[in-house]
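Enquirer: after the sequence you'll find the predicted model.
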There are 2 protein chains.
Amino acid sequence: MRISELSERSGVTIPTLKYYLREGLLHPGELQGATRATYDDSHLERLRLVRTLVDVGRLSIERVREVVRAIDAPPAGRHELLGAAHEALRPHPASGAPAPEALERLAALDLPECAHSPASLQLAEALTAAAAAGWSVEPETLARWLEAMRAVAETDVVAELGEVSPGEALRYAIVGNVLTDPVLLALRRVAQEAVSAERFGTGPTRSPG
Amino acid sequence: MRISELSERSGVTIPTLKYYLREGLLHPGELQGATRATYDDSHLERLRLVRTLVDVGRLSIERVREVVRAIDAPPAGRHELLGAAHEALRPHPASGAPAPEALERLAALDLPECAHSPASLQLAEALTAAAAAGWSVEPETLARWLEAMRAVAETDVVAELGEVSPGEALRYAIVGNVLTDPVLLALRRVAQEAVSAERFGTGPTRSPG
DNA sequence: TGACATTGGATAGTATGACTCTCCAAACTT
DNA sequence: AAGTTTGGAGAGTCATACTATCCAATGTCA
């Protein structure tokens, strides 16, 4: 298909398509002369990925470029794949390096390959940011939350078991996390409301005194 | 204290402080003449809130303004408080209104006051966005995740039980969610790695074939 | 075959958000 | 009295993510 059809079918304007091509978010179409190129389903799929990362994941264009490059040249091992996905999804740098005491706390969770993975680093950074803002997460709380997230992760990793290519598995892991992170956080809020309703009653208005 | 001291102690530059004052993120200091005003600990605390929301929560300035207004004029009821907190923390509008089928799915979770809370709406929107991007979350998965998040929420709401003012409780709920959402997501990734390691072995590199 | 639309590619411009800078006169400090 | 600091207002800056314009070379269709 030509660029105009790609634009129509993807819902992305031609100027934006050209921008994505320039920025390396979209691989070039097959050139058929100086002023003609054709695009195919791989471009449509890529655009869906890009729009998901941008709209839902709020990733910057630069981060999206990292993601598509990783998907186009994925690591070979299953485990490295997950690391690459988590690396791609790391939150924007808020406060910087994790505090030493945050790293120590990871040891208490007895995880495999503790402080070496992107996820562990992410956790240490999140704990550091919370501590800096005066919020402490108790060790028991952290352990309990980890158990809860383990139950969630059981569901997650099952999805990556299929015999697909590394690039496909990586894309799957990234898109899956980007799309379901908001679901998970919304479920947390819903659960908070449920617990609150149980404790304080479901009546529409109650004064706190 | 004067603005220069407020700047030093908070780590926020004077121009930015003036900007926050203009934008209503920071309440005015006590005027003591045309060119003098004093600030106190309430300003320091407010700045810590604003910086947390901006740096960790990535909230826009406009959203932060909503938050501080809500904290300054909070709803009276305990339950409305949580709703106000969730309203403040709603994700940026990605795809818009939730699909009808997403709303139907909430009914299957047998929650109190299902489709009326900000959190339920957030969940419906997240499910809609996922579906639009071609990702379906199975009902059993959703139910399982809800159970997991309920365990998390038990810890959360306990923190709001204290006999504090509504404004303080609201601030607590908002800051708590903003600071621990990243912790929770990082724990999810860590758990994914743990599960992956269990299934595929902990060896540093394994080819997928 | 020739007018006219489309394309790839390059360059420049725009909109938004979040600051940051500059001024000014009126205090305050010394 | 000289010099610094302040509150307040307005304009300027910077980054990000597009969006618009131009151009010559095709392609298409009457």
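Expert: Cool, got the structure.
Enquirer: spell out whether the helix ranked longest in chain A and DNA strand D are in contact.
Expert: Criterion DSSP state H: the longest helix present in chain A is helix A:166-200. No: taking C-beta under 7 Å from any atom of the strand as the criterion, helix A:166-200 and DNA strand D are apart, separated by no less than 14.5 Å. C-beta here means a position set from N, CA and C on the backbone, and glycine is covered the same way.
Enquirer: what about that helix, distance to the chain center?
Expert: Computed by C-alpha atoms, centre = their mean, to the nearest Å, the chain-centroid distance of helix A:166-200 equals 11 Å.
Enquirer: do it and chain B meet?
Expert: Yes: applying C-beta under 8 Å from any C-beta of the partner chain, one finds helix A:166-200 touching chain B at A:166, A:169, A:175-177, A:179-197, A:199-200.
Enquirer: what subset of those residues is buried?
Expert: Buried subset of these (neighbour count, 16 or more other C-beta atoms under 10 Å in any protein chain shown): A:166, A:169, A:175-177, A:179-197, A:200.
Enquirer: quick check on the residue of chain A found nearest DNA strand D: phi, psi?
Expert: Per C-beta to the nearest atom of the strand, A:Gly33 is where chain A lies closest to DNA strand D, at 2.9 Å. Backbone torsions of A:Gly33, given as degrees, to the nearest 10, read phi 130, psi 180.
Enquirer: let me see the contact set for it.
Expert: Under the criterion of C-beta atoms under 8 Å, 6 or more residues apart in numbering or on different chains, A:Gly33 has no contact partners.
Enquirer: how near is it to B:Val137?
Expert: 45 Å (C-beta to C-beta, to the nearest Å).
Enquirer: the strand or helix carrying A:Leu49: what's the following helix or strand?
Expert: Per DSSP states H and E, A:Leu49 falls inside helix A:41-51. Counting by DSSP H and E, the next helix or strand C-terminal to helix A:41-51 is helix A:61-72.
Enquirer: residues from chain A in reach of DNA strand C?
Expert: A:2-5, A:14, A:18, A:21-22, A:28-29, A:31, A:34-37, A:39.
Enquirer: output the below-cut-off pLDDT ranges for chain A.
Expert: A:95, A:112-115, A:159-162, A:201-209 (pLDDT under 70).
Enquirer: touching, A:His92 and B:Arg58? I think so.
Expert: Yes: counting by C-beta atoms under 8 Å, B:Arg58 is a contact partner of A:His92 at 7.0 Å.
Enquirer: tell me which of those two has more neighbours.
Expert: B:Arg58 (15 against 11; other C-beta atoms under 10 Å in any protein chain shown).
Enquirer: can you pull the contacts of that one?
Expert: B:Arg58 touches A:58, A:92, counting by C-beta under 8 Å, 6+ apart.
Enquirer: ok, now with 10 Å
Expert: Neighbouring residues of B:Arg58 by C-beta atoms under 10 Å, 6 or more residues apart in numbering or on different chains: A:58, A:91-92, A:94, B:91-92, B:178.
Enquirer: how about the residues you listed in CSV, adding distance to A:Arg9?
Expert: Converted to CSV, the contacts of B:Arg58 look like this (distance: C-beta to C-beta, whole Å):
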residue, distance to A:Arg9
A:Arg58, 24
A:Pro91, 33
A:His92, 32
A:Ala94, 38
B:Pro91, 27
B:His92, 26
B:Val178, 39
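Enquirer: from those, which is closest to DNA strand C?
Expert: B:His92 (10.0 Å).
Enquirer: leaving out the residues flanking it, which one is nearest to that closest one?
Expert: Nearest residue to B:His92, sequence neighbours excluded (C-beta to C-beta, 6 or more residues apart in numbering or on different chains): A:Arg58, at 7.0 Å.
Enquirer: near DNA strand D, which residues of chain A show up?
Expert: So chain A meets DNA strand D at A:13, A:15-16, A:18-19, A:32-36, A:54, A:60-62 (C-beta under 7 Å from any atom of the strand).
Enquirer: now with 10 Å?
Expert: A:2, A:12-20, A:22-23, A:25, A:31-37, A:50-51, A:53-55, A:58-65, A:92 (C-beta under 10 Å from any atom of the strand).
Enquirer: need the buried ones from these selected in ChimeraX.
Expert: Those of the residues of chain A next to DNA strand D that count as buried under 16+ other C-beta under 10 Å are selected in ChimeraX with:
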select /A:12,16,17,20,25,50,51,53,54,55,59,63,64,65
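Enquirer: thinking again about what came up before, which other helices and strands contact the longest helix of chain A?
Expert: Applying 3 or more C-beta pairs under 10 Å, 6 or more residues apart in numbering or on different chains; DSSP states H and E, one finds that helix A:166-200 makes contact with helix A:41-51, helix A:61-72, helix A:78-88, helix A:139-158, helix B:78-88, helix B:118-132, helix B:139-158, helix B:166-200.
Enquirer: what angle do that helix and helix A:78-88 make?
Expert: Angle, helix A:166-200 to helix A:78-88, by axes from the mean of the first three to the mean of the last three C-alpha atoms, to 10 degrees: 60 degrees.
Enquirer: tell me the angle helix A:166-200 makes with helix A:41-51.
Expert: 30 degrees.
Enquirer: need the contact list for A:Gly167.
Expert: Per C-beta under 10 Å, 6+ apart, neighbours of A:Gly167: A:70-74, A:81.
Enquirer: ignore what I typed, I meant A:Gly176.
Expert: Counting by C-beta under 10 Å, 6+ apart, A:Gly176 touches A:85, A:155-157, A:159-160, B:130, B:135, B:137, B:192.
Enquirer: buried sites along stretch A:120-139?
Expert: Buried residues in stretch A:120-139 (16+ other C-beta under 10 Å): A:120-133, A:135, A:137.
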